[in-house]
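Visitor: Below are the sequence and a predicted model; questions follow.
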Amino acid sequence: MLSHPTLDTLHDLGLHGCAAGFKALEADPAAAALSHGEWLAVMLEHEVTYRHQKRFAARAARAKLRHTAVIEEVNYRAVRGLDRTLFRKLATCQWIRDHRHLILCGKTGLGKSWLACALGHQACREDISVLYHRVPRLFAALDLARGDGRYAKLLASLARVDLLILDDWGSPLTPDHRRDLMEIVEDRYGRGSLLITSQVPVDHWHEIIGDPTIADAILDRIIHTAYRIDLSGESLRKPEGGEEQP
C-alpha cells in the first residue's frame, strides 16, 4: 500500500488538505468506484476548504474582535429597531468592497459592539482583513506611539486593513486625538471602510470633535458614504453577567 508514502509526500508539499482528502477516500469503501479524476477532484476540494479555513483563522486572530459573534445568531425579535433587510444586506460585505462605512448608534446595552463584531467575523469569512479597536484604548495607544517613535507605523497598520472597527466612540476629543482621527479617516477615504459604534447620536458628533473645521472634514468623509443603524429600546444585557445579548 502506498498510503503512508503518499500522505508523507502530500504533507511535505504543504498539501495538507489534499492529504486529509486522500486519507478520507482510502477509508471510504465507496471511493473504490470513483475514477482517478474524481479522486483528484475530491482531494482538491479538501485542499481549497483547508486553505480557506486557515486564512479565516489567521484573519480572525488578527482582527482581535471583542465578542465571539456570528450573524447567524443575531436576534431580530428584540425590540431595538434593527432592520433585518438592511443588516442582511450588510452581511454580504459588499459595502466593505465598495469602501463605504457603517455607523451603529444607540444607548448602552443594545448590542452595538456585538453586532459590529458579528459583521467583522463575517468579513473575515469573506477573506476581508479586519481590525477591532475600542476607541479610548486606541487613542491611548496612539499617545504612547507618538512619544516613542511608533506613531507612523501604528497609523500605517490601521490603514492597511479593509475594515477598521472603532467601538465605543463618544468622549470629547483632545487636539491630538482630533488630528489622530483625521489621519485615520483620511487614510481610509476611498480605500477602506470604517464601522463606528457610539452612544452619541450623529447629530452631536460635531460637538465631540470640537474644532468645527476638522469636524467638517472628518464627518464629510464618513457620513456621506455611510450606512446608518440607530438602535433604541430597553437594554439587552443579561442581569447576572452584564454581557450584551445578540
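Guide: Good, I have the coordinates. Residues are numbered from 1 along each chain as shown.
Visitor: residues contacting the spatially most central residue of the chain?
Guide: The chain has residue 120 as the residue nearest its centroid, 2.2 Å off, counting by Cα atoms, centre = their mean. Applying Cβ atoms under 8 Å, 6 or more residues apart in numbering to residue 120 gives the contacts 63, 65, 130, 132, 163, 165, 195. (Glycine included, C-beta is placed from N, CA and C.)
Visitor: tell me which element it falls in.
Guide: Of the helices and strands defined by DSSP states H and E, residue 120 is found in helix 112-125.
Visitor: Next, the buried residues of that helix.
Guide: Residues of helix 112-125 classed as buried by neighbour count (16 or more other Cβ atoms under 10 Å): 112-125.
Visitor: Of the contacts of residue 120, which belong to strands?
Guide: Counting by DSSP state E, the part of these found in strands is 130, 132, 163, 165, 195.
Visitor: Tell me the one of the buried residues of helix 112-125 nearest residue 154?
Guide: Closest approach to residue 154 among the buried residues of helix 112-125 (Cβ to Cβ): residue 120, at 19.5 Å.
Visitor: Just the pLDDT at that closest one, thanks.
Guide: Predicted confidence (pLDDT) for residue 120: 98.
Visitor: ok, now residue 47?
Guide: 70.
Visitor: Who are the contact partners of residue 113?
Guide: Counting by Cβ under 8 Å, 6+ apart, residue 113 touches 66-67, 167-168, 197, 244.
Visitor: Spell out which residues make up each domain of the protein.
Guide: The record's domain parsing of the chain by automatic domain parsing lists 3-62, 64-230.
Visitor: Any chance of CSV for those domains, columns distance to residue 236?
Guide: Converted to CSV, those look like this (distance: least, Cβ to Cβ, whole Å):
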stretch, distance to residue 236
domain 3-62, 24
domain 64-230, 5
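Visitor: and these, which one is worst for confidence?
Guide: Minimum mean pLDDT among the domains of the chain: domain 3-62, a mean of 78.
Visitor: How far off centre is that one?
Guide: Relative to its parent chain, domain 3-62 has a centroid offset of 29 Å by Cα atoms, centre = their mean, to the nearest Å.
Visitor: State the number of residues packed around residue 201.
Guide: 11 (other Cβ atoms under 10 Å).
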